[in-house]
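**Q** sequence and predicted structure are below.
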Amino acid sequence: MSYRGKIPTTVITGFLGAGKTTLVRHLVETAGGRRLALIINEFGEQGVDGDLLAACGIKGCGEDDIIELANGCLCCTVADEFAPTLQRLFDRALPPEHIVIETSGLALPKPLVKAFEWPAVRNRATVDGVVAMVDARAVADGTFATDPEALARQRAADPALDHDNPLEEVYADQLACADVIVVNKTDQVDAATRDRVIAEIRRATPRPVPIVATAHARIDAAVLLGLGAAAEDDLAARPSRHDAAGLAHEHDDFESFSVGFAAVVDPDALHARIAAALAAHSILRLKGFVAVADRDARHVVQAVGTRLQGFYDRPWKAGEARESRLVVIGLRGLDRPAIARAILGT
């Protein structure tokens with residue numbers, strides 16, 4: 001149902017690998033037949049998440065309902081990509097009843113919410129709510145904590161580095177903009193650690209918002225859709241470190257590249273090589289599809305930090321090129337040739 005005659009829009013934010021795509025899938029599964037449109041944004045030229053959603057086989061999750069915007073963050077491309085995408089949805093003969101936007105894991109949500117102030121958007125849609133996903137294990141492992149000694153070493157190596165921990169900056173801005181915080185992957189920590197992580201998140205969030213703990217991003221759509229937050233009217237309550245004049249969101253802190261290769265005979269051997277690459281290099285996220293020589297199903301590889309998993313998601317389509325391609329994302333300065341060699345075993 002629309003809010004004040006506008007199409008409600010849910011923005012799902014959260015750092016790389018928090019579980020945003022899995023959450024979107026559960027929202028579609030539990031939306032009760034509501035007509036949804038999904039906008040999926042990824043950092044890097046090779047999209048993976050939109051393809052995973054299109055393969056889910058759920059009614060309301062068809063390819064026509066999924067719009068993928070790759071090779072950039074929506075927080076920096078709202079005028080060039082996001083606004084025209086919304087306009088095309090508005091102009092459909094049968095517009096969506098609800099729009100769900102999954103941002104890149106490196107995106108700041110506030111610039112995206114600000115775009116809903118634009119007259120062409122404001123008259124047709126509203127931000128029903130901003131959902132920030134957090135990986136409980138990543139927080140417990142100190143992924144977003146600033147290490148003063150490590151920061152000093154980075155500044156010594158790069159005198160142009162004039163800001164703090166870029167991971168912590170993105171994480172803090174995502175929390176600050178949230179209407180609901182979903183602490184995911186709680187099955188990967190014990191109860192005491194879960195409670196400590198939630199308390200740490202509460203301290204880091206500038207205003208009180210609901211916090212929901214979950215595993216495998218299993219949350220019913222009724223919990224997250226229909227919040228009626230109208231976040232575009234509440235921007236002052238969503239502070240960002242990048243509100244200050246002259247402070248920009250630097251995507252130059254991060255980089256992405258892809259590694260392509262032919263079908264593999266032994267996926268377990270590939271996993272072992274990937275695990276070695278994750279252990280040896282500062283890779284934040286790795287994901288993609290792999291062709292396995294004796295299997296008709298596509299093999300999905302996902303990694304967050306050093307945590308790695310693989311599974312088969314769907315059969316290869318008729319005429320579809322059975323190629324393998326993995327996307328690697330990390331902080332600037334990745335040794336791309338060494339990582340590629342490690343993955344390929346060359």
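**A** Ah, there it is. Numbering: from 1, shown residues only.

**Q** alpha carbons only for contacts and neighbour counts from here, please
**A** OK.

**Q** point out where the stretch 51-200 of the chain drops to low pLDDT.
**A** 51-65, 68-80, 146-164 (pLDDT under 70).

**Q** contacts for the longest strand seen in the chain, please.
**A** Longest strand of the chain, by residue count under DSSP state E: strand 125-135. Outside strand 125-135, the residues within contact range by C-alpha atoms under 8 Å, 6 or more residues apart in numbering are 3, 6-15, 17-20, 109, 113, 116, 174-175, 177-186, 224-232.

**Q** now do stretch 304-313
**A** 16-17, 52, 55, 271, 275, 278-279, 282-286, 297-303.

**Q** how about stretch 175-182?
**A** 109-110, 129-134, 204-207, 209-214, 224, 229, 238-240.

**Q** just the buried members of those residues?
**A** 109-110, 129-134, 205-207, 211, 213, 224, 229, 238-240 (16 or more other C-alpha atoms under 10 Å).

**Q** returning to that earlier point: select only the buried ones of the contacts of stretch 304-313 in ChimeraX?
**A** Applying 16+ other C-alpha under 10 Å to those, the buried members can be selected in ChimeraX as follows:
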select :16,17,52,271,275,278,282,283,284,285,286,297,298,299,300,301,302,303
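
**Q** gap between the residue lying closest to R238 once chain neighbours are set aside and I211?
**A** Nearest residue to R238 in three dimensions, chain neighbours excluded: C177, at 4.8 Å (C-alpha to C-alpha, 6 or more residues apart in numbering). In this view, C177 and I211 are 13 Å apart by C-alpha to C-alpha, to the nearest Å.

**Q** how about the residue lying farthest from the centre of the chain: what's its closest non-neighbour residue?
**A** No residue in the chain sits farther from the centre than D294, which is 31.9 Å out by C-alpha atoms, centre = their mean. Spatial nearest neighbour of D294, excluding adjacent residues (C-alpha to C-alpha, 6+ apart): V265 at 7.2 Å.

**Q** count of neighbours near that neighbour?
**A** Around V265 there are 13 other residues, counting by other C-alpha atoms under 10 Å.

**Q** can you read off the pLDDT for it?
**A** Note on V265: pLDDT of 95.

**Q** likewise for the one 3 residues further on?
**A** The confidence metric pLDDT takes the value 96 at D268.

**Q** got phi/psi on it?
**A** For D268, the backbone dihedrals (degrees, to the nearest 10) come out as phi -60, psi -40.

**Q** how about the helices in the stretch 1-150 of the chain?
**A** 20-29, 49-54, 83-90, 109-114, 119-122, 136-140, 148-157 (DSSP state H, counting those that start in this stretch).

**Q** same question for the stretch 201-346 of the chain.
**A** So, for the stretch 201-346 of the chain - with DSSP H, counting those that start in this stretch - the helices run 221-224, 267-280, 336-344.

**Q** the second one - contacts with which helices or strands?
**A** Spelled out, that is helix 267-280. helix 336-344 (3 or more C-alpha pairs under 8 Å, 6 or more residues apart in numbering; DSSP states H and E).

**Q** so how far is the helix it packs on from its chain's centroid?
**A** 24 Å (C-alpha atoms, centre = their mean, to the nearest Å).

**Q** which of the residues in it are buried?
**A** Buried residues in helix 336-344 (16+ other C-alpha under 10 Å): I339, A340, A342, I343, L344.

**Q** show me which of the residues you listed is closest to T30.
**A** Distances from T30 to the buried residues of helix 336-344, taken as C-alpha to C-alpha, are shortest for I343 (37.6 Å).

**Q** surely the closest one meets A269?
**A** No. Using C-alpha atoms under 8 Å, I343 makes no contact with A269, being 9.8 Å away.

**Q** given the longest strand of the chain, what are its sheet partners and their directions?
**A** strand 7-14 (parallel), strand 180-184 (parallel) (DSSP bridges).

**Q** possible to save the ones you listed as CSV with distance to G142 and mean neighbour count?
**A** Below are those laid out as CSV (distance: least, C-alpha to C-alpha, whole Å; neighbours: other C-alpha atoms under 10 Å):
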stretch, distance to G142, mean neighbour count
strand 7-14, 16, 27
strand 180-184, 15, 25
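
**Q** need phi/psi at the most centrally placed residue in the chain.
**A** Nearest to the mean C-alpha position of the chain, by C-alpha atoms, centre = their mean, lies G105 at 3.6 Å. Main-chain dihedrals, G105, degrees, to the nearest 10: phi -70, psi -10.

**Q** residues near the closest residue to I67 other than its chain neighbours, how many?
**A** Counting by C-alpha to C-alpha, 6+ apart, the nearest residue to I67 once its immediate chain neighbours are dropped is I39, at 4.8 Å. Using other C-alpha under 10 Å, I39 has 20 other residues around it.
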